[in-house]
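> Got a sequence here, can you model it:
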Amino acid sequence: MKFYVSMAFMDTREAVEVARAADDLGYDGMGIPDHVVNLETLKTPYPYTKDGKRRWEAFTDWPDPWVMIGALALVTTRLKFVTTVYLPAMRDPYSAAKAIGTAAYLAGGRLELGIGVGWCEEEFELLGQQFARRGRRTDEMLELMKKLWEPGWTEFDGEFYSTPRLEMEPTPPRIPIYVGGLSDIALRRAARHDGWIGDLISTEAALQRVDRLRDLRAEKGLTMDGFTVITPLTDAFTPEHYARAEAGGIQGIITMPWMFYSGPDATLAEKIDGLKRFRKDLALD
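Model prediction:
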């Protein structure tokens, strides 16, 4: 089982030290969330809580993921970085491809692109992007960005984007694409790519989705070999819990280890101590 340390809601000033500690302690990666702004008032309900309220308070840090990954890549040697999740359709494909590709280049192949289609209509509108048909635009953007990340000249003629002959450098290492979301549409999109990223979910619900992904891959003549499943789990705390998840096809856990020991208000020192204690308690060393 691989363990990714979530940076969600973390003080940006602590990120470098937490990343260094995670790298030294043998963690596998870090999860980097994405929002451009946090609007005070929304008509769109947050889809991942029962009451539709956001999980974070106003003035929580949401650093740009590609600036953050570029910085953390230069102070670590082995950690991978996965976005949890980035919304391509909220940007134009060329600026997105440039930022992602540059971060992947600086990270030396340690970047995994986790994407979603997005839920906040007001944030899309603010950034000048159409909320409707965002799923289809996301699919086309991923196809276009893959071409932009290849060496040599690129041309592209799609439903939403028409690209004259051009090139984009530097050419990054291969960037695996993982799709986030809990709906069947999200799972179908994930099955076409390299992996799936879950949201806060029980082990049983996650394993049900892994089974669904297995069926969707089989429909396309594909196996789960090389397909990555990463998710936070709300009810996994012990080696036995994680062993069950791994046996069911979950390869990676996104977690905040300090939450088990010091809670959400942990200081930087308590976060690093939590990283150490978690590995010791799970006998990961």
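> Quick check: which element contains the residue nearest to Asp139 when sequence neighbours are not counted?
Leaving out its chain neighbours, the residue that sits closest to Asp139 by C-beta to C-beta, 6 or more residues apart in numbering is Arg189, at 7.1 Å. Bear in mind the C-beta positions are built from the backbone N, C-alpha and C, glycine included. Assessed by DSSP states H and E, Arg189 sits inside helix 184-191.
> May I see the buried residues of that helix?
186-191 (16 or more other C-beta atoms under 10 Å).
> what pLDDT does the residue nearest to Asp139 get?
On the pLDDT scale, Arg189 is placed at 98.
> Then Ala283?
The model's pLDDT for Ala283 equals 85.
> what separates the closest residue in space to it that isn't next to it in sequence from Leu284, distance-wise?
In space, and not counting its chain neighbours, Ala283 is closest to Pro239: 6.7 Å by C-beta to C-beta, 6+ apart. For Pro239, the distance to Leu284 equals 9 Å [C-beta to C-beta, to the nearest Å].
> what's the neighbour count on the nearest residue to Pro65 once chain neighbours are set aside?
Leaving aside its sequence neighbours, Pro65 sits nearest to Ile32 (C-beta to C-beta, 6+ apart; 4.5 Å). Ile32 has 27 neighbouring residues, counting by other C-beta atoms under 10 Å.
> Ile32: what's it in contact with?
Contact analysis of Ile32 by C-beta atoms under 8 Å, 6 or more residues apart in numbering lists 7, 65, 68-69, 81-84.
> for this protein, longest helix please?
Longest helix in the chain by number of residues (criterion: DSSP state H): helix 203-219.
> Against Ile69, how distant is the closest residue in space to Pro172 that isn't next to it in sequence?
Across the structure, with C-beta to C-beta, 6+ apart as the measure, the residue nearest Pro172 apart from its sequence neighbours is Ala104 (3.7 Å). Counting by C-beta to C-beta, the separation of Ala104 from Ile69 is 8 Å.
> tell me, what's touching these two both at once?
Contacts common to Ala104 and Ile69, judged by C-beta under 8 Å, 6+ apart, are Leu111.
> tell me which element Glu40 is part of?
With DSSP H and E as the test, Glu40 turns up in no helix or strand.
> pLDDT wise, what is the nearest residue to it once chain neighbours are set aside at?
Counting by C-beta to C-beta, 6+ apart, Glu40 lies nearest to Ala58, which is 7.0 Å off, once chain neighbours are set aside. Ala58 carries a pLDDT value of 96.
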